[in-house]
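S.K.: attaching a predicted model along with its sequence, questions to come.
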Amino acid sequence: MVTWILLFIIGLLAGTIGSLVGLGGGIIIVPVLLIIDQYTNWLSDLTPQKIVGSSIVVLVVIGLSSTLAYMKKKSVDYKSGALFFLGSGPGAILGAWLNKFIQVDYFSIYFGVFMVLVSILLMVRSRLRPMKLNGQFERTYTDPNGTEMNYNFSAVAAVIVSFIVGVISGLFGIGGGSLMVPAMILLFGFPTSVAVATSMFMIFLSSITGTLTHLALGNIQWFLLIGLIPGAWIGAKCGSFINQKLSDKSVVVILRWMLIIVGVRLIWQGTMG
């Protein structure tokens, strides 16, 4: 019973934070379960592969719950999300395959530093103009206050960038939202609220693919899901609700701190390896 309550709380935190800033939640679930497994005997018969595989299943739930919540606010850009997924899906598969051949520890250090630099770019983003990359893919979004925002970008550039993001996320075992949300904001001029909502839609699509892969490999520990999934579902609803109550500026501040945390974790992971 205590174990399930603990798993519920972990799922709740992952769902809330992941949905709030569009990162998914795996950056909470995986390291926390690894630490618990390393220092306690509460969770038996676990391997890092089973923790990652189970986390991917929970991301399906977080992605679906968040997307349904953001759908009601009409902040999900489905066409752009599907376009980005065309690149990130195959990219993640390639990244996971490359992971077997590359000494990832050193790359983790460099990539962790890169994530911290991305957070700094978000800090000064008001002084930067979105690149938009010669955009011809035009989108319009009306926020809850009735303000209409237009943004446009190149479909080809979107697929290329999302493919690179997918490869990196598969290579380092992090959620694609960690890079995709900043990319949508900095490169393609997305409103922050749309970037977060669309990222959760992408995470829902990509985690279904990941779940099928890990299911085939036998990397899913079902007893973890009994506690994690209910907490994650509720947490994702909470995160999307909080997101709608915050200004874009506040969400970016939270996103920056989460990127710094992810970056430091990757640097630590690389040095410990």
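M.R.: Okay, I see it.
S.K.: give the buried residues for stretch 220-232.
M.R.: Within stretch 220-232, the residues that qualify as buried by neighbour count (16 or more other Cβ atoms under 10 Å) are 220, 221, 224, 225, 227, 228, 229, 230, 231, 232. Every residue, glycine included, has its C-beta placed from N, CA and C.
S.K.: what is the nearest of these to residue 17?
M.R.: Ranking those by separation from residue 17, with Cβ to Cβ as the measure, puts residue 232 on top at 10.8 Å.
S.K.: pretty sure the closest one contacts residue 15?
M.R.: Yes: taking Cβ atoms under 8 Å as the definition, residue 232 is a contact partner of residue 15 at 4.0 Å.
S.K.: overlap in contacts of the two?
M.R.: Common neighbours of residue 232 and residue 15, using Cβ atoms under 8 Å, 6 or more residues apart in numbering, are 25, 61, 62, 65.
S.K.: which of these sits closest to residue 171?
M.R.: residue 25 (19.6 Å).
S.K.: could you find the closest non-adjacent residue to that closest one?
M.R.: Nearest residue to residue 25 in three dimensions, chain neighbours excluded: residue 18, at 3.0 Å (Cβ to Cβ, 6 or more residues apart in numbering).
S.K.: likewise residue 160?
M.R.: Distance criterion Cβ to Cβ, 6+ apart; nearest residue to residue 160, sequence neighbours excluded, is residue 87 at 6.6 Å.
S.K.: so how far is residue 101 from that neighbour?
M.R.: Between residue 87 and residue 101 the distance, using Cβ to Cβ, to the nearest Å, works out to 22 Å.
S.K.: number of nearby residues for residue 248?
M.R.: Here the count is done by other Cβ atoms under 10 Å, and residue 248 has 16 residues near it.
S.K.: quick check: buried residues in the helix or strand residue 34 falls within?
M.R.: Following DSSP states H and E, the helix or strand that holds residue 34 is helix 26-39. By neighbour count, with 16+ other Cβ under 10 Å as the criterion, the buried positions of helix 26-39 are 26, 27, 28, 29, 30, 31, 32, 33, 36, 37.
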